[in-house]
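> Provided below for reference: sequence and predicted model.
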Amino acid sequence: AALTVRFLTRRFIGEYGDMEFIYSHNLTVDGREILFHIWDVPNSQEHAEDGSSEEKRIQWADSFVLVYSICDRASFNILPPKIQFIKATKEGQNQEKVPIVIVGNKRDLQHQRVVSSEEGRLLALSLDCGFYEVSAAE
């Protein structure tokens, strides 16, 4: 949620509840106006739901940004099955590669890091995804 709000407003808000939101945002990219619809789902909420809710979100989306905390190994470890589920759901229908980006957040908290940048890059490479490390706070 912090990364989504930073993208939309350029502000950092550190604390969020465990709620799901859909945001709409216009942005000009390479001279073209693009309308983003962002369905922001906290990870803890996804675990509490059945697979049909998650599948509905996957069908709705055109691309995916999966965010983990570099300070939380569990948030990183859930990415491979989640990405495989997304690919099976989206690519099974039309055989087109679905755009997926893995983002390691909290780069500003190096002293608490438990997932190395190299691990993130290797995971992205092995799953044919993009990869970035960022800090929503900075």
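Yep, that arrived. Residues are numbered from 1 along each chain as shown.
> What separation do you get for the nearest residue to Val5 once chain neighbours are set aside and Ala136?
Once flanking residues are discounted, Val5 sits nearest to Ile13: 5.6 Å by C-beta to C-beta, 6 or more residues apart in numbering. Just so you know, the C-beta spots here come from the backbone N, C-alpha and C atoms, and that holds for glycine as well. Per C-beta to C-beta, to the nearest Å, Ile13 is found 9 Å from Ala136.
> before we move on, the earlier item: is the residue nearest to Val5 within a helix or a strand, and which one?
Counting by DSSP states H and E, no helix or strand carries Ile13.
> longest helix anywhere in the chain?
helix 79-94 (DSSP state H).
> what mean pLDDT does it have?
Mean per-residue pLDDT for helix 79-94: 85.
> How about stretch 125-138?
pLDDT averaged over stretch 125-138 gives 93.
> Can you check the distance spanned by it, start to finish?
26 Å (C-alpha to C-alpha, to the nearest Å).
> Quick check: buried residues in it?
Buried residues in stretch 125-138, defined by neighbour count with 16 or more other C-beta atoms under 10 Å: Leu127, Cys129, Phe131, Glu133, Val134, Ser135, Ala136.
> List just the nearest of the residues you listed to Ser116.
Using C-beta to C-beta, Glu133 comes nearest to Ser116 of the buried residues of stretch 125-138, at 10.1 Å.
> The closest one reaches Cys71, doesn't it?
No. Taking contacts as C-beta atoms under 8 Å, Glu133 lies outside contact range of Cys71: 12.0 Å.
> what stretches of this structure score poorly on pLDDT?
For the chain, the stretches with pLDDT under 70 are 1, 14-21, 43-52, 92-95.
> What are the boundaries of the helices in this structure?
2-9, 43-48, 51-60, 73-77, 79-94, 117-126.
> Out of the ones you listed, which gets nearest to Leu27?
helix 2-9 (9.0 Å).
> Go through that closest one and flag the buried ones.
Residues of helix 2-9 classed as buried by neighbour count (16+ other C-beta under 10 Å): Ala2, Leu3, Thr4, Val5, Arg6, Phe7.
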